[in-house]
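**Student:** no FASTA, just this:
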């Protein structure tokens with residue numbers, strides 16, 4: 001049975017797009033929230049400095065701490081994006097696995113999901 005490449009591509013692409021739209025909104029919200037937190041921290045540091053409750057050296061240290069914290073959060077967002085991309089592709093392929101496996105006569109996509117499920121449900125090792 002030949003594959004309808006245009007239909008298959010459209011189905012995979014639609015699944016990927018739907019998944020990425022959902023996850024990208026979460027990443028965007030987290031990034032904006034981090035920007036708000038950093039702005040608030042900088043405002044508070046500036047206020048403490050203006051009131052002479054801290055000196056310039058302490059202010060610089062606090063800014064560096066906040067910068068490092070924001071970098072850590074944004075690095076986690078990059079990892080979330082990688083996970084979102086992986087999830088999106090798997091969802092796209094899962095949606096066409098039956099058609100592709102039937103057309104090829106060999107289960108080439110089905111085993112991928114068996115392996116992914118096994119990894120996801122395996123107990124954590126320490």
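**Tutor:** Cool, the structure landed. Not measured: the values here are computed from a predicted model.
**Student:** output the lowest mean pLDDT helix or strand found in this protein.
**Tutor:** Every helix and strand of the chain was ranked by mean pLDDT, DSSP states H and E. The lowest is helix 110-121, at a mean of 66.
**Student:** how near is residue 72 to residue 26?
**Tutor:** Distance of residue 72 to residue 26, given as Cβ to Cβ, to the nearest Å: 18 Å. Just so you know, the C-beta spots here come from the backbone N, C-alpha and C atoms, and that holds for glycine as well.
**Student:** looking at the two, which is more packed in?
**Tutor:** Of the pair residue 72 and residue 26, residue 26 is the one with more neighbours under other Cβ atoms under 10 Å, namely 13 against 10.
**Student:** for that one, what are its contacts?
**Tutor:** residue 80 (Cβ atoms under 8 Å, 6 or more residues apart in numbering).
**Student:** what's the answer for residue 89, then?
**Tutor:** Contacts of residue 89 by Cβ under 8 Å, 6+ apart are residue 16.
**Student:** what's the average pLDDT for the helix or strand where residue 9 lies?
**Tutor:** Using DSSP states H and E, the element containing residue 9 is helix 5-50. Across helix 5-50, the average pLDDT comes to 85.
**Student:** and the next helix or strand past that helix?
**Tutor:** Using DSSP H and E, the helix or strand that follows helix 5-50 in sequence is helix 56-104.
**Student:** now that following helix against helix 5-50, angle please.
**Tutor:** Interaxial angle of helix 56-104 relative to helix 5-50 (axes from the mean of the first three to the mean of the last three Cα atoms, to 10 degrees): 170 degrees.
**Student:** any idea how far helix 56-104 is from the chain center?
**Tutor:** 3 Å (Cα atoms, centre = their mean, to the nearest Å).
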